[in-house]
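> Make a model of this:
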Amino acid sequence: MSAEPSARLVSKHRLEALYDGIYAVAMTLLVLDLKVPEGIASASDAALLAGLRGLAPRFMAWIISFLILAALWIGHQRLFHYVRRVDGRLLQINVLALLLASLLPFSTALIGEHASHFVSQAFYDANMAALALMTLWQLSHLRGHPELCEPPIPEASLRASRLLCWSLTAFAALSMALAAWNPHIGTAPFLLMFVVVRFARGRESRAAETAPHPDGSHP
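Sure thing, here's the model as predicted:
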């Protein structure tokens with residue numbers, strides 16, 4: 001398949017700059033929902049500790065959202081190492097992904113404020129799953145348009161990214177199911193993402209070590 005005319009292509013560096021900026025803002029906004037408990041200016045240490053314990057759902061949501069956004073940002077940077085040109089469809093996919101990333105601070109605040117409600121958990125889970133599915137769409141588009149990448153994205157990197165995205169989608173579904181039973185533990189499955197990240201990147205690194213060199217030789 002031939003590449004798009006140059007007039008319809010977008011500089012990947014402009015898209016990366018937009019991605020960096022929106023992710024930086026979204027990750028910063030996450031912490032704004034963490035506010036010092038009110039009415040404890042002259043309270044005892046016990047009262048302050050109790051107030052901080054009351055913020056536990058917000059702290060948990062903040063940590064999970066921040067680290068998953070960080071994982072998605074790192075994955076995007078690794079992927080765009082191979083991208084040389086951005087066509088119209090890839091631009092659309094990334095803009096939609098940024099739309100969902102910019103929504104995550106609201107989703108996080110919602111679940112932090114209303115941790116005992118299933119609706120807030122479902123909204124948060126849907127936001128997470130949608131972010132993962134947008135990345136899968138991007139991977140599919142890049143694989144179907146190899147002219148956008150130089151050199152081609154290694155198969156090991158594609159497998160690792162797909163594993164991360166499908167895992168995030170599965171954990172979002174599991175989180176929603178748990179929330180239907182007990183919303184207070186709904187976010188727990190997302191903690192497994194950090195195990196999956198280590199596993200996926202470890203497999204990718206081992207595959208890179210054993211992959212043949214460009215001249216056809218092996219390490």
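> Can you show me the helices along the protein?
12-29, 45-54, 56-80, 88-113, 118-144, 155-181, 193-210 (DSSP state H).
> where does this protein dip in pLDDT?
Across the chain, the ranges flagged by pLDDT under 70 are 1-9, 36-44, 47, 51-52, 208-219.
> change it to 50
1-4, 6-7, 213-215, 217-219 (pLDDT under 50).
> Geometrically speaking, which residue is the centre of it?
For the chain, residue 72 is the residue whose C-alpha lies nearest the centre (C-alpha atoms, centre = their mean; 3.4 Å).
> Report the contact partners of that residue.
For residue 72, the contact set (C-beta atoms under 8 Å, 6 or more residues apart in numbering) comprises 23, 101, 131, 135. The C-beta positions use only the backbone N, C-alpha and C, and glycine is treated the same way.
> distance of it from residue 183?
25 Å (C-beta to C-beta, to the nearest Å).
> now swap in residue 16 and tell me
From residue 16 to residue 183 the distance is 37 Å (C-beta to C-beta).
> For these two, work out which one has more neighbours and name it.
Applying other C-beta atoms under 10 Å to residue 16 and residue 183 shows that residue 183 carries more neighbours, namely 21 against 16.
> Surely that one touches residue 110?
No: if you go by C-beta atoms under 8 Å, residue 183 and residue 110 don't touch, sitting 11.9 Å apart.
> okay, and the common contacts of those two?
residue 120.
> returning to what we had before: how about the helices of the chain in a markdown table, adding distance to residue 187?
Shown next, in a markdown table, are the helices of the chain (distance: least, C-beta to C-beta, whole Å):
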| stretch | distance to residue 187 |
| --- | --- |
| helix 12-29 | 17 |
| helix 45-54 | 16 |
| helix 56-80 | 6 |
| helix 88-113 | 7 |
| helix 118-144 | 7 |
| helix 155-181 | 6 |
| helix 193-210 | 11 |
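> and of the ones you listed, who's closest to residue 35?
Residue 35 lies closest to helix 56-80 among these, at 8.6 Å (C-beta to C-beta).
> mind checking how far that closest one is from the chain centre?
The chain centroid and the centroid of helix 56-80 are separated by 5 Å, computed with C-alpha atoms, centre = their mean, to the nearest Å.
> go on, stretch 120-129?
Offset of stretch 120-129 from its chain centre (C-alpha atoms, centre = their mean): 13 Å.
> For stretch 182-197, list the C-alpha coordinates in CSV.
Below are the C-alpha coordinates for stretch 182-197, written out as CSV (Å, rounded to 0.1, in the frame of the first residue of the first chain):
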residue,chain,number,x,y,z
ASN,A,182,-18.3,-4.6,46.7
PRO,A,183,-17.4,-1.2,45.2
HIS,A,184,-14.8,-0.6,47.9
ILE,A,185,-12.4,-3.3,46.4
GLY,A,186,-13.3,-2.5,42.8
THR,A,187,-9.9,-0.9,41.9
ALA,A,188,-7.9,-3.8,43.4
PRO,A,189,-7.4,-5.7,40.0
PHE,A,190,-5.6,-2.7,38.5
LEU,A,191,-2.7,-3.4,40.9
LEU,A,192,-1.9,-6.5,38.9
MET,A,193,-1.0,-4.3,36.0
PHE,A,194,2.3,-3.6,37.5
VAL,A,195,3.1,-7.3,37.6
VAL,A,196,2.0,-7.6,33.9
VAL,A,197,4.2,-4.6,33.0
